[in-house]
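Student: Fold the following and give me the result.
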Amino acid sequence: MIKVQVRPNESLEGALRRFKRQCNYSGIFRLAKANAWHEKRSDERRRERRERLRTIQKATRKNDPTRKLGKRSR
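Tutor: Presented below is the predicted three-dimensional model:
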């Protein structure tokens, strides 16, 4: 359970922004979206496989020594 205390001199919008960020980092939004409808087991496996491949490809691109570094890359 996520709790956010409003700091002194902090607006309600700022506290709400921190709350949303903590929910996003903890994966609550992803779980809520996943449980919003029923997904067949085969479709779930297919989706998870695509997500894994995307993660691997992203890490491969990031660690590629031949890529050209621009101003925004670090």
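Student: I would like the residues contacting the lengthiest helix in the chain, please.
Tutor: Ranked by number of residues, the top helix in the chain under DSSP state H is helix 41-62. Residues outside helix 41-62 that contact it (C-beta atoms under 8 Å, 6 or more residues apart in numbering) are 39, 67. In this view, the C-beta of every residue, glycine as well, is placed from N, C-alpha and C.
Student: give me that answer again for 10 Å
Tutor: With C-beta atoms under 10 Å, 6 or more residues apart in numbering as the contact definition, helix 41-62 has outside contacts at 34, 38-40, 67, 73.
Student: Only the buried residues of that helix, if you could.
Tutor: Residues of helix 41-62 classed as buried by neighbour count (16 or more other C-beta atoms under 10 Å): none.
Student: State the distance from Gln5 to Arg54.
Tutor: 36 Å (C-beta to C-beta, to the nearest Å).
Student: and if you look at Arg45?
Tutor: Relative to Arg54, and taking C-beta to C-beta, Arg45 is found at 15 Å.
Student: Please apply the same query to Ile28.
Tutor: 21 Å.
Student: How about Glu48?
Tutor: 11 Å.
Student: Give the closest residue to Val6 in space, chain neighbours not counted.
Tutor: Once flanking residues are discounted, Val6 sits nearest to Ala15: 4.5 Å by C-beta to C-beta, 6 or more residues apart in numbering.
Student: same for the lowest-mean-pLDDT helix or strand in the chain, what does it pack against?
Tutor: Every helix and strand of the chain was ranked by mean pLDDT, DSSP states H and E. The lowest is helix 28-34, at a mean of 87. Helices and strands touching helix 28-34, by 3 or more C-beta pairs under 10 Å, 6 or more residues apart in numbering; DSSP states H and E, are helix 12-26.
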